[in-house]
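Enquirer: Here is my input, please return the structure:
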Amino acid sequence: MMKAGGNRIMRPEPETSVNVEFCAYHDAVVKDLSILVDSLRRTLGVSVVAKVAGIGETRAVHQWADGQRSVRSRTVEAKLRLAYQAVSLLSRKYSPEVAARWFEQPSPELDYRSPQGMLASATPEEAGSDFMAAARQFTDLR
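Expert: As a prediction, the model looks like this:
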């Protein structure tokens, strides 16, 4: 399509699974952790975020999200970023409500463990590949 004067109108690239997944990954890596935790808190609820982080108190989640406290563990930070990546991917393809349900329901892709339970009980390196593969497969059904 051409504009008057010969300038080409650039159309946005169609949203493909690869684009959506890369955007979710990019945001999980680039965004400030307090922003990610706030988004997770709003989408999943503070108790689920605390469980994924492996902490017993929800106060820390609120403080992380509000920027009043930093996450000291690199493992916890990696789990939170991985959780955000999956929630972002699922929210873009479906909705935040569907992302929250997916996170809590046992998944056949994870041998009927819930994604939140899997991420909570393993290191990000152990869980990451299977966790994101389950999210990806779920989005591919749409």
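
Enquirer: Count the neighbours of the nearest residue to residue 106 once chain neighbours are set aside for me.
Expert: Spatial nearest neighbour of residue 106, chain neighbours left out: residue 112 (4.3 Å); criterion: C-beta to C-beta, 6 or more residues apart in numbering. C-beta here means a position set from N, CA and C on the backbone, and glycine is covered the same way. The local packing of residue 112 (other C-beta atoms under 10 Å) involves 9 other residues.

Enquirer: Quick check: residue 112 vs residue 130, distance?
Expert: Distance from residue 112 to residue 130, counting by C-beta to C-beta, to the nearest Å: 13 Å.

Enquirer: close enough to count as contact, residue 70 and residue 64?
Expert: Yes. Using C-beta atoms under 8 Å, residue 70 is in contact with residue 64, at 7.4 Å.

Enquirer: which of the two has more neighbours?
Expert: Legend: neighbour count by other C-beta under 10 Å for residue 70 and residue 64, higher for residue 64 (26 against 10).

Enquirer: For this structure, which residues score under the pLDDT cut-off?
Expert: 1-18, 142 (pLDDT under 70).

Enquirer: show me where it has helices.
Expert: For the chain, the helices defined by DSSP state H cover 17-30, 33-44, 46-53, 59-65, 74-93, 96-104, 115-121, 124-140.
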